[in-house]
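*Asks:* predicted model and sequence below, questions to follow.
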Amino acid sequence: MKKKTNKSQSKGKTSAKDKEKKRKEQVDSKVKQKEKDYQRLEEYLNESGLSLAFNIIFAELISKQILPENFFTYTAMRLTQIGKEIEGLKTKEAIFVDEEEEEKKVEDKNEQVHVPNEEPPQEENKEEVFMTRPQPQQNQKSQVAQQQNNQKKKK
């Protein structure tokens, strides 16, 4: 015996399949969006230094043996301190960058003043001083030989 199928039944099957496909697509798109959000959050945490700050604070909680009931208070206090330190560093960096830009502008102005047909002004010979070990005047073999001669003379 053959089963008779109505068009409405076959439409019901395809519509159920279509609904399932749409639902899977929606779930997939939500998963992809969540993954993108997670990646953006991770990038933000790394760029802002929060993950490093929390690692430091976690180590402090353990090393200082802070009681669990004080974790939140201590963490909030340390995050505030670290935030202020970072802002101070950013301010110093901004000042440093501004100074460098000013120096470049001055150098550019000095270069523009220079007449191309003339020789550039010669800078004074300035010797740079480096922190180095004083160089021995004689090599080690000659020093050893000299010490041996001195010992022979004493005898």
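*Replies:* Ah, there it is.

*Asks:* Lys30 and Glu103: what is the separation?
*Replies:* 52 Å (Cβ to Cβ, to the nearest Å). All C-beta spots, glycine's among them, are computed from the backbone N, C-alpha and C.

*Asks:* repeat that for Ala16.
*Replies:* 72 Å.

*Asks:* quick check: mean pLDDT of the host helix or strand of Gln26?
*Replies:* Secondary structure from DSSP states H and E places Gln26 in helix 7-48. Per-residue pLDDT values over helix 7-48 give a mean of 83.

*Asks:* after that helix, next one along is what?
*Replies:* helix 50-63.

*Asks:* after that following helix, which helix or strand is next?
*Replies:* Moving toward the C-terminus from helix 50-63, the next helix or strand (DSSP H and E) is helix 71-113.

*Asks:* packing partners of that next one?
*Replies:* Applying 3 or more Cβ pairs under 8 Å, 6 or more residues apart in numbering; DSSP states H and E, we find helix 71-113 packed against helix 50-63.
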